[in-house]
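Undergrad: Sequence and predicted structure, then a few things I'm wondering about:
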Amino acid sequence: MKPPLVVGNWKMHGAESEARRLARRIRRGSGRMRGVEIVLAPPFTALHEVRRVARGSRLALGAQDVHWEAQGAFTGEISPQMLAEAGCSFVIVGHSERRRLFHESNQIVTQKLSAALLSGLRPILCVGETWEERRTGKTMRVIAGQLGTALKGLEKSAIEKVEIAYEPVWAIGTGRNATADQASEVHLRIRSLLKELAGTRIAAGCRILYGGSVRPDNAAELSRAREVSGALVGGASLKAEDFLAIVRCFVP
Ligand code: PGA
């Protein structure tokens, strides 16, 4: 059984000096938090600095996005190999901000996912419905579509290496989190989709994180929700004490 996983997605926050300070505080505070895997995903430009701070600690490094080619004429993009060399072991793929603001289709997300896996990175695949989709009863269909397209072509052994993050779009950065029941309902569905795609044993080993307005005051309840095996934290990961309080809720 894999340990719970808590990921701090710093988004476009954290110039080098700020990133160093935040990473140091998190390192100091997380020393005794055993039994939980912690990943920091700073902006690309701070990866080097955060790697330096995290060296020899229990903190792992993640990136927020990746391109699917190894190299080439793709101005502004970063390849999986470059991330691996920069010390990343995780990468977020298909975050709703990428899908929405940068027009990433399920097809692009699939390419990114496969490329990340080929380079030995552990992708954190984000799926989630908009409020309109939830309101009109389409949540499960949307999740099944996103998950199905992304995982369809993968070997079962590769699916085992994918972390899934359920992030309802309406909960991201809004202060309005899904309830534990709403999260469980979708996580259960994701687990059963994983079973169909990869079989019971592999599906049982996959981690399904919840993301969307996770804060110190709701993390304990969300951590106890059925099928929730960790959290993807945005806003609250920018304050060391808040992020650490959330991680603490997931310590077994
Ligand atoms: P939030 O963001 O915690 O600020 O809602 C979560 C995410 O975007 O991963």
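TA: Looks like it came in fine. The structure presented is a predicted model; accordingly, all values stated were derived computationally and were not measured.

Undergrad: these two touch, right, Ile143 and Gly128?
TA: Yes: between Ile143 and Gly128 there is a contact at 7.4 Å, judged by Cβ atoms under 8 Å. Backbone N, C-alpha and C define where each C-beta goes, glycine included.

Undergrad: Quickly list what's touching both of the two.
TA: Common contact partners of Ile143 and Gly128 (Cβ atoms under 8 Å, 6 or more residues apart in numbering): Tyr166.

Undergrad: Please, which helix or strand holds the nearest residue to Arg20 once chain neighbours are set aside?
TA: Leaving aside its sequence neighbours, Arg20 sits nearest to Glu49 (Cβ to Cβ, 6 or more residues apart in numbering; 5.1 Å). Using DSSP states H and E, Glu49 falls within helix 47-54.

Undergrad: ok, which stretches of this structure are helices?
TA: In the chain, the helices defined using DSSP state H lie at 16-30, 47-54, 80-85, 96-101, 106-118, 131-135, 139-151, 156-159, 180-198, 200-205, 216-224, 240-250.

Undergrad: Enumerate every residue touching the residue nearest to Arg20.
TA: Applying Cβ under 8 Å, 6+ apart, the residues contacting Glu49 are Glu16, Ala19, Arg20, Ala23, Pro42.

Undergrad: for Val228, same thing?
TA: In this structure, Val228 makes contact with Ala180, Ala183, Ser184, His187, Ile208, Leu209, Tyr210, Leu222, judged by Cβ under 8 Å, 6+ apart.

Undergrad: Give the PyMOL command for selecting the buried subset of the residues you listed.
TA: Buried residues within these, by 16 or more other Cβ atoms under 10 Å, are selected in PyMOL with:
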select buried, resi 180+183+184+187+208+209+210+222
